[in-house]
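Colleague: sequence unknown, structure follows:
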């Protein structure tokens, strides 16, 4: 089981990442964290 | 998740060809008033992609990736159109469909496993295997009812029925001109096709519902029309089957991907009324009724 972190960018698109981004990275990529899932 | 939502998603994709998760969520909300969170939609899409009702791709937008969803119908149509001209390599199908190799290859393997396309020496080709997809719904009386043996559906000609009916003893053999004693109503919808996935059970069920509600025998099948003493003993059974058949089994006048529908009502007097329906541009219509003894 691996964790997948879900983010939403400023256009509302859903993006996925294998690692949790730092706050600094979230600002840099203009995304917000919306949840995580295990797969 | 209901079947309806899956159909809406497929419909959205048929119009757009490809969409992101957000686009599907937005479209479901604006067109159908349905609301989903990204997490819910992601899980629905991954689930229905397992049996290839939609196709998924993963686009990398560093340090992320994004799910892109493709219409399975349109991708399949493109593949078939290309294969209809000549066998194709994976690369040429990738070029034709716009899907990446790693997204398309598993889907092609799936089509091969279904017997719809073949693969030899680096080339994909159409197998042109013929399938008969059919659904039958049967109304019967439980045998403890005193009149059960008066009823028995007789077909107008020897008919190939789904194997399940033989296993459940509703039919004596796979090819038969009658069902077992106790059967008093039957609806049969079938189609000849190269692509059985275009004819899932729910599509044939919709045709059956249309015929039952709008055309001739609805009242005859209705519980309301049966004598009170009979009602507790009535049961409905159904069987759906998509089966590869020999091309010779397709009647010369049958058209591919055109559904055919028949209804049968057995009478206590020992004969069966046979109803034949035809699909026209205006919908289904009854084209004839006669008796089989």
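Modeller: Cool, the structure landed. Bear in mind the structure is a predicted one, so any value in this text is a computation, not a measurement.
Colleague: give me the three-state assignment for the closest residue to chain A within the stretch 101-250 of chain B.
Modeller: Ranked by CB to the nearest CB, the top residue of the stretch 101-250 of chain B for proximity to chain A is residue B:103, at 15.7 Å. (Glycine included, C-beta is placed from N, CA and C.) Applying DSSP: H, G, I helix; E, B strand; the rest coil to residue B:103 yields a three-state assignment of helix.
Colleague: what of residue B:291?
Modeller: strand.
Colleague: can you tell me the helix or strand for the closest residue to the residue of the stretch 101-250 of chain B closest to chain A other than its chain neighbours?
Modeller: Of all residues not flanking residue B:103 in the chain, residue B:57 sits nearest, at 4.3 Å (CB to CB, 6 or more residues apart in numbering or on different chains). Residue B:57 is part of strand B:54-61, with elements assigned from DSSP states H and E.
Colleague: what mean pLDDT does that strand get?
Modeller: In this model, strand B:54-61 has an average pLDDT of 92.
Colleague: can you name the residues that contact the nearest residue to residue B:117 once chain neighbours are set aside?
Modeller: Nearest residue to residue B:117 in three dimensions, chain neighbours excluded: residue B:111, at 4.6 Å (CB to CB, 6+ apart). Counting by CB atoms under 8 Å, 6 or more residues apart in numbering or on different chains, residue B:111 touches B:76, B:79, B:117.
Colleague: quick check: the last one vs residue B:129, distance?
Modeller: When CB to CB, to the nearest Å is the yardstick, residue B:117 and residue B:129 sit 9 Å from each other.
Colleague: neighbour-wise, which of these two wins?
Modeller: residue B:117 (25 against 17; other CB atoms under 10 Å in any protein chain shown).
Colleague: isn't the more buried one up against residue B:123?
Modeller: No: in this structure residue B:117 lies outside contact range of residue B:123 using CB atoms under 8 Å: 10.3 Å.
Colleague: pretty sure residue A:29 sits against residue A:21.
Modeller: Yes: between residue A:29 and residue A:21 there is a contact under CB under 8 Å: 7.2 Å.
Colleague: other residues contacting stretch A:8-20?
Modeller: Applying CB under 8 Å, 6+ apart, the contact partners of stretch A:8-20 are A:2-7, A:29-34, A:36, B:20-22, B:26, B:38, B:42, B:61, B:63-67.
Colleague: now do 6 Å
Modeller: A:4-7, A:30-32, A:34, B:20-22, B:38, B:64-66 (CB atoms under 6 Å, 6 or more residues apart in numbering or on different chains).
Colleague: once you drop chain neighbours, what's closest to residue A:33?
Modeller: Nearest non-adjacent residue to residue A:33 (CB to CB, 6+ apart): residue A:7, at 5.8 Å.
Colleague: what residues of the strand holding residue B:57 count as buried?
Modeller: B:54-57 (16 or more other CB atoms under 10 Å in any protein chain shown).
Colleague: for chain A, what's the nearest residue on chain B?
Modeller: residue B:64 (3.8 Å).
Colleague: is that residue bridged to anything, and to what?
Modeller: With DSSP bridges as the criterion, residue B:64 is bridged to residue B:61.
Colleague: tell me the confidence at the residue most central in space within chain B?
Modeller: In chain B, the centroid-proximal residue (CA atoms, centre = their mean) is residue B:200; its distance is 2.4 Å. Looking at residue B:200, its pLDDT is 91.
Colleague: before we move on, back to that, from what I can see the residue nearest to residue B:103 touches residue B:69, true?
Modeller: No: here residue B:57 does not reach residue B:69: they are 7.8 Å apart, not a contact under CB atoms under 6 Å.
Colleague: most centrally placed residue in chain A?
Modeller: Nearest to the geometric centre of chain A sits residue A:7, at 3.0 Å (CA atoms, centre = their mean).
Colleague: could you check how far stretch B:107-118 is from the centre of its chain?
Modeller: 18 Å (CA atoms, centre = their mean, to the nearest Å).
Colleague: quick one: the helices in the stretch 51-200 of chain B, in order.
Modeller: For the stretch 51-200 of chain B, helices defined by DSSP state H, counting those that start in this stretch occupy the ranges B:72-85, B:90-97, B:101-113, B:163-167.
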